[in-house]
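[1] sharing a model that was predicted from the sequence below.
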Amino acid sequence: PLVVFSVFGCLSPDNRCSVILQAFSNLIDDVDAELRLVGEQVSDYDVMEDIDRLGLRTRVKLIRPSSAAILSDELARADVCVCLQSLFGSGMFSVWLRAMAAGKPTVISGLGRSVDVPACDSYSWTTVGNDATEPVAVWIDLLDEEASLVSAMQRLAQDEEFRLSMGKRARTYWERQHSG
């Protein structure tokens, strides 16, 4: 079945769009997947240029969230949310919280802000963070970002049981940590 990866927020280098697109291009021969980029384009980054350069026009959809209903529909459609940020980016914290609240597994940057999040790394699949036994996200190694992201996306696409159980744990974690 088709697995939908979604990225929410400003479609910019800070939100790692070019890295996500490159990783996705390395994944599509192995899995039936679609990438949905939900957000506003910025003037200093041409996302369509990267999509065309990588030959992804039929596998990547650009969605402009012109209403809260469209944003909610896109979140419901997602199987996995990719919430990356650069070292200098404004962050994806609110997007990540919404994804967890919706019971979606997420892929997050291995930055200091997410140290306390029980997440597994995309190579050994061992959990780091507070609840070292039950990961609620997959974290990406910033020193090997693209390969780490490909590994995470591939596992989440191919292992439905892992993907669904991570989504359930994410929702439980959000209820326990962030819904009050």
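    Here it is on my side, so go on.
[2] helices of this protein, start to end?
    Residue ranges of the helices in the chain, as given by DSSP state H, are 17-27, 47-53, 68-77, 93-101, 145-158, 160-177.
[3] and the most centrally placed residue in the chain, what does it touch?
    For the chain, the residue whose C-alpha lies nearest the mean C-alpha position (Cα atoms, centre = their mean) is Val82; its distance is 0.7 Å. Going by Cβ atoms under 8 Å, 6 or more residues apart in numbering, Val82 touches Phe5, Ser6, Val7, Ile20, Thr106, Val107, Leu149, Met153. For every residue, glycine as well, the C-beta is placed using N, CA and C.
[4] need the max-distance pair from these.
    Within those, Ser6 and Leu149 form the most distant pair, 14.3 Å apart (Cβ to Cβ).
[5] out of the two, which sits in the busier spot?
    In terms of neighbours (other Cβ atoms under 10 Å), Leu149 is the more surrounded of Ser6 and Leu149; the figures are 26 against 23.
[6] neighbours around the spatially closest residue to the more buried one that is not a sequence neighbour, how many?
    Beyond its immediate neighbours in the sequence, the residue positioned closest to Leu149 (Cβ to Cβ, 6 or more residues apart in numbering) is Ala23, lying 4.0 Å away. Burial of Ala23, expressed as a neighbour count using other Cβ under 10 Å, amounts to 26.
[7] contacts only, for Ala23.
    The contact partners of Ala23, by Cβ under 8 Å, 6+ apart, come to Glu146, Leu149, Val150, Met153.
[8] the helix or strand of the chain with the lowest mean pLDDT pairs with which strands?
    Lowest on mean pLDDT, DSSP states H and E among the helices and strands of the chain sits strand 127-128, with a mean of 78. The strands beside strand 127-128 in its sheet (DSSP bridges) come out as strand 119-121 (antiparallel).
[9] what residues does the strand it pairs with touch?
    Taking Cβ under 8 Å, 6+ apart as the criterion, the residues outside strand 119-121 that touch it are 108, 110, 126-129, 135-139, 141, 148.
[10] repeat that with 6 Å
    Applying Cβ atoms under 6 Å, 6 or more residues apart in numbering, the external contacts of strand 119-121 come out as Thr127, Gly129, Pro135, Ala137, Val138, Trp139.
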